[in-house]
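Novice: only the shape, not the letters, is given here:
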Ligand code: IVH
């Protein structure tokens, strides 16, 4: 190759890689498969190794990290990086609006930019003539650390800005964070490699960004969302009048913005936004701890100015904290439906995530060892959404001398049976089976629960009472309870008793999937129960199935097949099943569409992306009813991909393999046309 063809080839590779990264990470609309991107990247790196003079600071090869540093240098911010005043109540936001109106002498509804408050780390990224020049942490707001090499590896941070007329200098500010999914995956790999796991996505982001070796940072799933501008010299962005227009310019230049930002007029609309984001919080792909409101008009922003370290024109409205410190008072061991023994932390009550928490799960013995926690320790509790509160870490410098080691029981705390831990398992189990009253209680609660036989009025407390009084020993005995037994119970009136007996009678009419689920076989959830029923059609066939036959069922692997097989070989389980059927539990036969009415018979279909017109499980059941095998990953064996919104790598892989792809509407139309 001549010098000029090499340079041309190099430029072409560079441009393609930049375009593909922008499409993938910023526009969320990939056009080439990941493998293609990787191939181009390898060619680029090879060219740079052969011709080192080609390499420029904005080369996409910087995304894989460079030489490790021995320490971080410091960088003084030209414009200080401020913090925000916090509010917690609706009144705080109203007072904020009032202060602004008073200062501006206005009575109008002010326009606010509304943004999720991302729970990561603030960074400043300076672009000089469109090229990423340096990046720094916030530090104390005046001086931060030089993390240029690390920031360059973040997948959605452009090394070069897009567009013709670029500012000569622009400092982009934003939050570096780790998406929840990436965090889960990272912790999983860390665990597998015996490395330390992170308590939450924020800690993982901080740990990843402050690596002296940028090759490590490059492997971590970090992302940036830009939310403001510091230094700004030149370009059209310098003449826009509002914060939201500035953000739009950043987006034009190739910078990623949070997809859930908006604007609102006046505090009422701001509160509506706060409420909406609060409801979305758990389903967002990234962690947030509140919402930020900023006066949108830049002219008004400068009229309002600052007080000490925070602007008067912005505030953060916080959600209740999801993490708090408290003391671990004791550990108790609970026995679950399948005998699993779970250590439960008894805590000094603490207000976290909007409720008072006094218990948290410690999961299992390995988790206790991983945390290194002792009774008496000060611990950090996390309660996110509806999940059970968890102990995330120990505050070691607050440990006192009388902290006590946690001892895992060798015998079941309820029935004294032997406790066993299979080598392949993290959990220890009571070997007592239905002899153990704890397992009995849990099995009956499960049997009566909504997704199982759905017995109205048979709550957890009542089940416990019935078992403790010795009135029932297994689910079948529920159907032999009588009025006299029930009314004799403490605090149980005639009316409740009659209602319960009616509910028990009504619950006898069920479906085979619900019945199979209600049995409480290990690892057999609702979906597996459904697949079993659709596959075998009768209870008898499920009972008689051998492991080979069970593995044939959709989503049933060796382990689940083993659990089902063992369950059905246990005489006491079969006795309970027979007693249930004798008590009158029935279900309608499963009707299978004849093969000619199953357009997807023998076909493997994959679902990806967000479906807006139906839930994922609904789509899956529809496909299964039409004969499809629904699989989780795209391979050469896939016959069809149904891609909802924001479909990512599965969509690119399917197009690489030339697999037929439908959007959600095509699927909905197909169903409607049947
Ligand atoms: S604006 C003067 N916007 O919150 C404006 N900050 O408490 C200061 N943060 O250090 C920042 N999401 O790390 C802004 N959409 C957002 C934000 C955000 C998260 C963080 C940021 C900052 C802290 C201030």
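Specialist: Noted; the coordinates are in hand. Model, not experiment: these values are computed from the prediction.
Novice: could you pull out the helices for the stretch 51-200 of the chain?
Specialist: Assigned by DSSP state H, counting those that start in this stretch, the stretch 51-200 of the chain shows helices spanning 90-104, 148-152, 180-192.
Novice: tell me the mean pLDDT for the longest one?
Specialist: In other words, helix 90-104. Per-residue pLDDT over helix 90-104 has a mean of 95.
Novice: helices or strands next to that helix in the packing?
Specialist: Helix 90-104 sits against strand 86-87, helix 266-280, strand 288-295, helix 298-304, strand 314-318, with contacts defined as 3 or more CB pairs under 8 Å, 6 or more residues apart in numbering; DSSP states H and E. All C-beta spots, glycine's among them, are computed from the backbone N, C-alpha and C.
Novice: check the offset of the third one from the chain's centre.
Specialist: To tie it back to what came earlier, the one meant is strand 288-295. In terms of CA atoms, centre = their mean, to the nearest Å, the centre of strand 288-295 is found 21 Å from the chain centre.
Novice: quick one: name the residues of this protein near the ligand.
Specialist: With CB under 6 Å from any ligand atom as the criterion, the chain meets the ligand at residues 82-84, 115, 117-118, 122, 138, 175, 227-228, 292, 311, 314, 316.
Novice: quick one: buried ones out of the residues you listed?
Specialist: Among the residues of the chain next to the ligand, those scoring as buried are 84, 115, 117-118, 122, 138, 175, 227-228, 292, 311, 314, 316 (criterion: 16 or more other CB atoms under 10 Å).
Novice: of those residues, closest to residue 485?
Specialist: residue 117 (56.0 Å; CB to CB).
Novice: would you mind measuring from the closest residue to the ligand within the stretch 501-650 of the chain to residue 205?
Specialist: The minimum distance from the stretch 501-650 of the chain to the ligand, using CB to the nearest ligand atom, falls at residue 646 (21.1 Å). To residue 205, residue 646 is 22 Å away according to CB to CB, to the nearest Å.
Novice: the more surrounded of those two?
Specialist: Shown here are residue 646 and residue 205; by other CB atoms under 10 Å, residue 205 has more neighbours (27 against 13).
Novice: for the residue nearest to the more buried one when sequence neighbours are not counted, give me its contacts.
Specialist: Closest residue to residue 205 apart from its sequence neighbours, by CB to CB, 6 or more residues apart in numbering: residue 178 at 4.3 Å. Shown in contact with residue 178 (CB atoms under 8 Å, 6 or more residues apart in numbering): 120, 186, 201-202, 204-205, 208, 220-223.
Novice: show me what the helix or strand harbouring residue 11 is packed against.
Specialist: Element membership for residue 11, per DSSP states H and E: helix 3-21. Contacts defined by 3+ CB pairs under 8 Å, 6+ apart place helix 3-21 against helix 34-50.
Novice: secondary structure class for residue 231?
Specialist: Classification of residue 231 using DSSP: H, G, I helix; E, B strand; the rest coil returns strand.
Novice: pretty sure it contacts residue 172?
Specialist: No. Between residue 231 and residue 172 there is no contact under CB atoms under 8 Å: 9.6 Å.
Novice: out of those two, which sits in the more crowded spot?
Specialist: Remark: of residue 231 and residue 172, residue 172 carries more neighbours, 25 against 17, as counted by other CB under 10 Å.
Novice: measure the more buried one to residue 3 for me?
Specialist: 35 Å.
Novice: before we move on, what about residue 343?
Specialist: 68 Å.
Novice: ditto for residue 124
Specialist: 38 Å.
Novice: and the helix or strand bottoming out on mean pLDDT in the chain, what does it pack against?
Specialist: Lowest mean confidence among the helices and strands of the chain (mean pLDDT, DSSP states H and E): helix 616-625, at a mean of 81. Counting contacts by 3+ CB pairs under 8 Å, 6+ apart, helix 616-625 packs against helix 526-536, strand 604-608, strand 629-631.
Novice: in the stretch 351-500 of the chain, which residue sits nearest the ligand?
Specialist: Taking CB to the nearest ligand atom, the stretch 351-500 of the chain has residue 384 as its residue nearest the ligand, at 17.6 Å.
Novice: what do you get for the stretch 301-450 of the chain?
Specialist: Nearest residue of the stretch 301-450 of the chain to the ligand (CB to the nearest ligand atom) works out as residue 311 at 4.7 Å.
Novice: next, the contact list for that residue, please.
Specialist: 82, 84, 301, 304-305 are the contacts of residue 311 under CB under 8 Å, 6+ apart.
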